[in-house]
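J.: Got a predicted model here, sequence first, then my questions.
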Amino acid sequence: MAAVVKIEEIHKIYDSGEIPVHAVRGVSIEIHRGEFVALMGASGSGKSTLMNLLGCLDRPTRGRYLLDGIDVSQLDRNELADIRNQKIGFVFQGFNLLARTTALENTELPMMYGQQRHSARDMRQRALHSLEIVGLSDRADHFPNQLSGGQQQRVAIARALANDPEILLADEPTGNLDSKTSVEVMGVFQKLNEQGITIVMVTHELDIARYCKRNLILRDGRLVRDELVPDRLNADVEMKKLKDAEAAAKLTSG
Amino acid sequence: MRVFNTIKVALRALRRNTMRSILTALGIIIGVAAVIAMVSIGNGAKAQVEAQVASLGENVITVFPGSFNAGGMRSGWGSASTLTVDDADGIKREIPNVVGVTAEMRDRAQVLANGLNWNTQIMGESPDYPSIRSWPIGDGAMFTDQDVRSVAKVAIIGKTVADQLFPDGNVIGQTIRIRNIPFKIVGMLAAKGFNLFGQDQDDTVVIPYTSHMKRVARRPNINSILVQAASAEAIDKVQQDITDLLMQRRKGREQDFTVRNQVELAQAATATSQTMTLLLGAIAGVSLIVGGIGIMNIMLVSVTERTREIGIRLAVGAHGRDVLLQFLIEAVILSSLGGIIGIVLGVGASELVSMKTGWPILVSPASVIVAVVFSAAVGMFFGFYPARKAAQLDPIEALRYE
């Protein structure tokens, strides 16, 4: 089976300041279809830079990046934009939804910039379908400020799914969420992964990484560990535990 | 290819900030409205002046007597009495493309009739006078060449004189006394109103110039000669011919007359209103540019404020061009919408000014078209810099922007 992501000896050097910063120093990774990878590391480990490279938001200084078989390391700005539009779905830490724009219109956003033209009805239908996958079809007309943090992140996931991407890239998707909502969002990711969607997620929380199938650990711009998660957490189970604990807390305090 | 979606995106963005969009467009609205109103008022004033000039008659050339020179002291134009009836007859006889000539006499005198009296202008003219001045006889008939030859005591009176001396109406056939000489009223001129300089043109009595010279003014020289050329194209030639003829008649003496045509008069009269229109239009144009700068200002703020939004759009696959187009379209929609509302407001304001002041207003289609095109261009011009700034943002930086 061909790798969705294949990076070979990739380097990223920032030389905008006085001293060039070697953020990523020769990383090689292969990620196959259906994987659920957590990219971990302390701040300054280069994980954000690697994420930007994987997301085609930035180009590597050296090395090769094959995304779905296409060498994207030398594409120009507009070609990268098209790759992002067609192959990648982004989920950000801060949700990054457009304010005063309904959940539905936010979800339609990637289709607005797609290569193929969609009719307004087609776009609406596909956006509604994406919202249905994340369980928010009844909130399609809500504005982001009318939604909870978890719901906003689910809208962001729906938006990421809108163009049927090859890979879902999530940058600290639970960073702005409380622990219960984090479990809820991880449940959505697990469900999507079960349906065959490839997910790569940056996180610094160890317990969040345990919901993934494979953990990659970066330190000082190098890949120092690549392992399968032995005791994987199931979001449904964890959610039930949390609810039980809450109920118990109420019992004892009541 | 994605222009349609981009327009939709731009419209959504404008709708998200309705209040700000309206305020931004307000600059253009006021600018365009001001341009339209100012130009309309200016054009109206110009049209009025032109109408007044036209009321002097069509294709009219006026010959004034020149200055006289008494022992080296030269007086101004019209001070000498150097024009004669023979000059007028010569012009009528010898110059082609002339359709009417009148030797003019002017004097003020007390007029008595009906037990009332009135001081008015007594004009001595030929029967061509009504056609030269485009001033029809309203009632009765013009006196004839026979009346001129026989130095007849007949008169045509203006509306104001008629109102003053014959309040009951019934004017034709009555007698008025000018310097105690009885004149029979054979006709009344149609009302003409005020001239360029605010004089009541209807406050006049017209008699044959021969009668004026012999019975009223008792002068051998005439005040001026009015000549009507056959067409606008013939004016210059006729004017030259008159000058040549009169010089020839003066047999080498220095020129003691001056020939002016109506076009020159019209130019002098419209120059002022044209300058005013230009000035008002320029001031209004400045406000349009200020409106444009307002758009640029808001667009720049908008780009900064929406840096994150731009980052998201770039991240999900928007090209720089899409972002550029979005902001440009926003600016152009704002300014065009402002332009259209401005036109409605400007025309409305013009009408209002016209109603309140009684000034004539002329909304020219050209000024409307110029205003629309210019406002769209303002949006394009002032929107481009912020739009390009937005398009060149780096998606990673933009997403990180707080």
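T.: Received it, and whenever you're ready, just let me know what you need.

J.: For the rest of this, base every contact and every neighbour count on C-alpha atoms.
T.: Fine.

J.: Report the central residue of the chain.
T.: Just so you know, I chose chain A. A:Ala170 (1.7 Å; Cα atoms, centre = their mean).

J.: switch to chain B, that's the one I care about
T.: Nearest residue to the geometric centre of chain B (Cα atoms, centre = their mean): B:Lys46, 1.6 Å.

J.: could you dump stretch B:192-208 to PDB, C-alpha only?
T.: Provided in PDB are the C-alpha atoms of stretch B:192-208 (Å, rounded to 0.1, in the frame of the first residue of the first chain):
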ATOM      1  CA  LYS B 192     -40.000  89.000 -22.500                       C
ATOM      2  CA  GLY B 193     -39.000  89.400 -18.800                       C
ATOM      3  CA  PHE B 194     -35.600  90.500 -17.500                       C
ATOM      4  CA  ASN B 195     -32.400  90.500 -19.400                       C
ATOM      5  CA  LEU B 196     -28.900  89.300 -18.300                       C
ATOM      6  CA  PHE B 197     -28.300  92.400 -16.300                       C
ATOM      7  CA  GLY B 198     -31.600  92.300 -14.500                       C
ATOM      8  CA  GLN B 199     -33.300  95.100 -16.500                       C
ATOM      9  CA  ASP B 200     -37.000  94.800 -17.300                       C
ATOM     10  CA  GLN B 201     -37.000  94.500 -21.100                       C
ATOM     11  CA  ASP B 202     -40.800  95.000 -21.200                       C
ATOM     12  CA  ASP B 203     -40.400  98.500 -19.800                       C
ATOM     13  CA  THR B 204     -40.000 100.100 -23.200                       C
ATOM     14  CA  VAL B 205     -41.800 102.000 -26.100                       C
ATOM     15  CA  VAL B 206     -40.600 101.300 -29.700                       C
ATOM     16  CA  ILE B 207     -41.200 103.900 -32.400                       C
ATOM     17  CA  PRO B 208     -39.800 104.300 -35.900                       C
END
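
J.: any idea whether the residue nearest to the centre of chain A is helix, strand or coil?
T.: What DSSP: H, G, I helix; E, B strand; the rest coil gives for A:Ala170 is strand.

J.: Please give me every residue in contact with it.
T.: A:90-93, A:199-202 (Cα atoms under 8 Å, 6 or more residues apart in numbering or on different chains).

J.: The helix or strand containing B:Ile30: which residues count as buried?
T.: Per DSSP states H and E: B:Ile30 is located in helix B:18-54. Residues of helix B:18-54 classed as buried by neighbour count (16 or more other Cα atoms under 10 Å in any protein chain shown): B:21-50, B:52-54.

J.: Report pLDDT for the closest residue to chain A within the stretch 51-200 of chain B.
T.: Proximity of the stretch 51-200 of chain B to chain A (Cα to the nearest Cα) peaks at B:Ala51, 58.2 Å away. B:Ala51 is assigned a predicted lDDT (pLDDT) of 76.

J.: B:Gly78 too?
T.: 52.

J.: Can you show me the strands along the chain?
T.: The chain I'm using is chain A. In chain A, the strands defined using DSSP state E lie at A:3-14, A:21-32, A:36-40, A:62-67, A:70-71, A:88-91, A:167-171, A:198-202, A:214-219, A:222-228.

J.: wrong one, chain B
T.: Under DSSP E, chain B gives strands at B:60-65, B:69-70, B:73-74, B:98-113, B:116-125, B:137-140, B:154-157, B:175-178, B:181-189, B:204-208, B:224-229, B:257-261.

J.: Next, the angle from the longest one to strand B:181-189.
T.: So the one you mean is strand B:98-113. 120 degrees (axes from the mean of the first three to the mean of the last three Cα atoms, to 10 degrees).

J.: what about the nearest residue to A:Ile29 once chain neighbours are set aside, neighbour count?
T.: Nearest residue to A:Ile29, sequence neighbours excluded (Cα to Cα, 6 or more residues apart in numbering or on different chains): A:Ile7, at 5.3 Å. A:Ile7: 21 surrounding residues under other Cα atoms under 10 Å in any protein chain shown.

J.: distance of A:Ile7 from A:His32?
T.: 12 Å (Cα to Cα, to the nearest Å).

J.: again, but for B:Glu351
T.: B:Glu351 is 74 Å from A:His32, by Cα to Cα.

J.: Also A:Ala38?
T.: A:Ala38 is 14 Å from A:His32, by Cα to Cα.

J.: Tell me what the residue nearest to the centre of chain A is bridged to.
T.: Beta-bridge pairing for A:Ala170 (DSSP bridges): A:Val91, A:Met201.

J.: outside of stretch B:50-61, which residues touch it?
T.: So stretch B:50-61 is contacted by B:131-135, B:195-196, B:226-232, B:235, B:239, B:259-262, B:265-266, B:269-270 (Cα under 8 Å, 6+ apart).

J.: ok, back up a step: the residue nearest to the centre of chain B is in contact with B:Gln274, isn't it?
T.: Yes - using Cα atoms under 8 Å, B:Lys46 makes contact with B:Gln274 at a distance of 6.7 Å.

J.: and the stretch 51-200 of chain A, which residues reach chain B?
T.: A:52, A:57-58, A:77-78, A:80-86, A:89-90, A:96-98, A:100-101, A:109-110, A:112-114, A:117 (Cα under 8 Å from any Cα of the partner chain).

J.: One more pass at 7 Å, please.
T.: A:57, A:78, A:81-82, A:84-85, A:96, A:98, A:100, A:110, A:112-113 (Cα under 7 Å from any Cα of the partner chain).

J.: And the residues you listed, which of them are buried?
T.: For these, buried by 16+ other Cα under 10 Å: A:57, A:81-82, A:84-85, A:96, A:98, A:100, A:110, A:112-113.

J.: In helices, which of those appear?
T.: Among those, the members falling in helices (DSSP state H) are A:81-82, A:84-85, A:110, A:112.

J.: between these, which is closest to B:Thr84?
T.: B:Thr84 lies nearest to A:Met112 out of those, by Cα to Cα, at 88.1 Å.

J.: Which parts of chain B are helices?
T.: Using DSSP H, helices in chain B cover B:3-16, B:18-54, B:85-94, B:129-132, B:145-149, B:159-165, B:209-211, B:235-249, B:262-305, B:307-315, B:320-357, B:365-391, B:395-400.

J.: Determine which of those helices approaches B:Pro220 most closely.
T.: Per Cα to Cα, nearest to B:Pro220 of those: helix B:85-94, 8.5 Å.

J.: Please identify the buried residues of that closest one?
T.: B:85, B:87-88, B:90-92.

J.: now it and strand B:98-113, what's the angle there?
T.: Using the same axes, to 10 degrees: helix B:85-94 against strand B:98-113 is 140 degrees.

J.: any idea how far helix B:85-94 is from the chain center?
T.: Taking Cα atoms, centre = their mean, to the nearest Å, the mean C-alpha location of helix B:85-94 is offset from the chain mean by 34 Å.

J.: Dump the C-alpha coordinates for that helix into CSV.
T.: Coordinates of each C-alpha in helix B:85-94 appear next as CSV, following Å, rounded to 0.1, in the frame of the first residue of the first chain:
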residue,chain,number,x,y,z
VAL,B,85,-28.7,106.2,-40.8
ASP,B,86,-26.7,106.0,-44.0
ASP,B,87,-24.3,103.5,-42.4
ALA,B,88,-27.3,101.3,-41.6
ASP,B,89,-28.8,101.7,-45.0
GLY,B,90,-25.4,100.9,-46.6
ILE,B,91,-25.2,97.7,-44.6
LYS,B,92,-28.7,96.7,-45.6
ARG,B,93,-28.1,97.5,-49.3
GLU,B,94,-24.6,96.1,-49.9
